[in-house]
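In: please work out how this folds:
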Amino acid sequence: MFRETTASAVLVGCAMACGGMAAAADHAPRVELLRAGITHDALFSVDVADEEAVAVGSDGLILRSLDGGASWQADAAPDSALSLLDVALGPRRSIAVGQMGAILESTDRARWTAVASPTDKRLLAVAQRPDGVALAVGQFGTVLRSAAPGQAWQPVAVDWRALVPEGFDPQLYDVMFTADGRALLVGEFGMILASDDGGQSWRAVHAPQSAEGEEGAELWAIDINARGLGVAVGQQGRMLLTDDGGRHWRELDSGFGDSLMGVDVSDGNRIYVAGIRRFLESGDGGRTWRALDALDLGTAWYQAVRISDGDALVVGHSGRILRIAPD
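Out: Numbers count the residues shown, from 1 in each chain. You can find the predicted model right below:
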């Protein structure tokens, strides 16, 4: 559980029906503001490992907490001109990726080093397995792989003509590893792809749709817990649910059109979804939902959420970091 801080706790929640979704019971979680930056700051990603947390964002911003989010310090970035768009912590290295194919690695909880990248395309997401295998994905069908800490990043050739309508090189927005080591990614045209060999080959588990079809709405984030419960979210309020580790997916009728940018699923089946003027919570594996509007969760944008021991860290506009403690 994240440590308590002296920040004011706001006990506010909004139980509501979201179109086809049932509303959850009205028990308000506690939402705290842990950090506020300046107007032009933006945080795009956060990751947590035990009491360590790292958030990354615009202009090379890297923030680190060693006390579960109670306090934050800035790490030095090799290039402050490039925004960092995702971060993944691991037992032997931490990895951040971003604009112009930037890849940073850290092995000592303080110093980040730029490593050689085989692309200048924007990298939007990164993930790694406990054994050190890491994947980064981004613009124009870019998939990169590193087999272990200290080993070079290599491009992965994907036959997009066989996977994507019209043969486009799609934008890839998120990537993750499941508890059993499989990789999944989401992207343009509503695609969800899976890999059983650490990202070296890919197959569709939710087929991409035509660019002209409504079902082609982009998917921007994905998460699956150790029990196999998972959610993918994206454009126009799109939401898909899996209960078998991502092998099969079904659409949920969210009933709203707001962009959903980030998702995290706890092993206890609590789900948080962050977005633009929308923040959703489910405490029962996606059967019922409520919208939270504490602080500015319902009026501003938050892009990423990460759960640890029940509490969640949320990052977004103006360098703001929030903590949500469930009721």
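In: tell me where the stretch 101-250 of the chain has helices.
Out: Applying DSSP state H, counting those that start in this stretch to the stretch 101-250 of the chain gives helices spanning 160-163.
In: pLDDT weak spots in it?
Out: Applying pLDDT under 70 to the stretch 101-250 of the chain flags residues 209-216.
In: contact partners for the residue lying closest to Leu241 once chain neighbours are set aside?
Out: Excluding the flanking residues, the one nearest Leu241 by Cβ to Cβ, 6 or more residues apart in numbering is Gly286, at 5.1 Å. (C-beta placed from N, C-alpha, C; glycine too.) Contact partners of Gly286, counting by Cβ atoms under 8 Å, 6 or more residues apart in numbering, are Leu229, Val231, Leu241, Leu252, Ile271.
In: in a markdown table, list these along with distance to Ser65 and neighbour count.
Out: A markdown table is the format used below for these (distance: Cβ to Cβ, whole Å; neighbours: other Cβ atoms under 10 Å):
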| residue | distance to Ser65 | neighbour count |
| --- | --- | --- |
| Leu229 | 27 | 22 |
| Val231 | 26 | 26 |
| Leu241 | 31 | 19 |
| Leu252 | 33 | 19 |
| Ile271 | 23 | 26 |
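In: just give me the closest of those to Ala134.
Out: Relative to Ala134, the closest of the contacts of Gly286 is Val231; by Cβ to Cβ it sits at 22.9 Å.
In: can you pull the contacts of the spatially closest residue to the closest one that is not a sequence neighbour?
Out: Computed as Cβ to Cβ, 6+ apart, the closest residue to Val231 that is not its neighbour in sequence is Val263, at 5.0 Å. When contacts are counted by Cβ under 8 Å, 6+ apart, Val263 is found next to Ala221, Ile222, Asp223, Val231, Ala232, Val233, Ile271, Tyr272, Val273, Ala274, Val305.
In: check the secondary structure at Val263 for me.
Out: What DSSP: H, G, I helix; E, B strand; the rest coil gives for Val263 is strand.
In: tell me the spacing between it and Val97.
Out: Distance of Val263 to Val97, given as Cβ to Cβ, to the nearest Å: 19 Å.
In: could you check how far Asp47 is from Leu63?
Out: Using Cβ to Cβ, Asp47 is found at 12 Å from Leu63.
In: between the two, which contacts overlap?
Out: Residues touching both Asp47 and Leu63 (Cβ under 8 Å, 6+ apart): Val54.
In: quick one: the residue nearest to Leu241 is in a strand?
Out: No: going by three-state DSSP, the assignment for Gly286 is coil, not a strand.
In: any idea how far Leu252 is from it?
Out: 7 Å.
In: need the overlap of contacts for these two.
Out: Leu241.
In: residue contacts, the residue nearest to Gly138 when sequence neighbours are not counted?
Out: Nearest in space to Gly138, with sequence neighbours left out and distances taken as Cβ to Cβ, 6+ apart, is Leu123 at 4.0 Å. Contact analysis of Leu123 by Cβ under 8 Å, 6+ apart lists 85-86, 97-99, 101-103, 117, 136-139, 142, 144.
In: quick one: buried ones out of these?
Out: Buried subset of the contacts of Leu123 (neighbour count, 16 or more other Cβ atoms under 10 Å): 85-86, 97-99, 101-103, 117, 136-139, 142, 144.
In: before we move on, back to that, so which of the contacts of Gly286 belong to strands?
Out: In strands, defined here by DSSP state E, the members of the contacts of Gly286 are Val231, Leu241, Leu252, Ile271.
In: now for those, which pair is the farthest apart?
Out: The most widely separated members of the ones in strands among the contacts of Gly286, counting by Cβ to Cβ, are Leu252 and Ile271 (11.0 Å).
In: how near is the residue most central in space within the chain to Ala55?
Out: In the chain, the C-alpha nearest the mean C-alpha coordinate belongs to Gly262, at 4.8 Å (Cα atoms, centre = their mean). Relative to Ala55, Gly262 is positioned 12 Å away (Cβ to Cβ).
In: same check on Ala183?
Out: For Ala183 relative to Ala55 (Cβ to Cβ), the value is 24 Å.
In: which one of these two has more residues nearby?
Out: With neighbours defined as other Cβ atoms under 10 Å, Ala183 and Ala55 compare such that Ala55 has more, 28 against 25.
In: confirm that one sits in a helix?
Out: No: in this structure, Ala55 is strand, not part of a helix, as judged by three-state DSSP.
In: for it, what are its contacts?
Out: Ala55 sits next to Leu43, Ser45, Val46, Leu61, Ile62, Leu63, Trp72, Val87, Leu313, Val315, Ile321 when contact means Cβ under 8 Å, 6+ apart.
In: could you do Leu297 as well?
Out: Residues counted as contacts of Leu297 (Cβ under 8 Å, 6+ apart) are Val31, Phe279, Val314, Leu322.
In: give me the pLDDT for it.
Out: Leu297 carries a pLDDT value of 96.
In: distance-wise, check the nearest residue to Arg203 once chain neighbours are set aside relative to Phe140.
Out: Computed as Cβ to Cβ, 6+ apart, the closest residue to Arg203 that is not its neighbour in sequence is Ala194, at 6.0 Å. Note on Ala194: its distance to Phe140, by Cβ to Cβ, is 21 Å.
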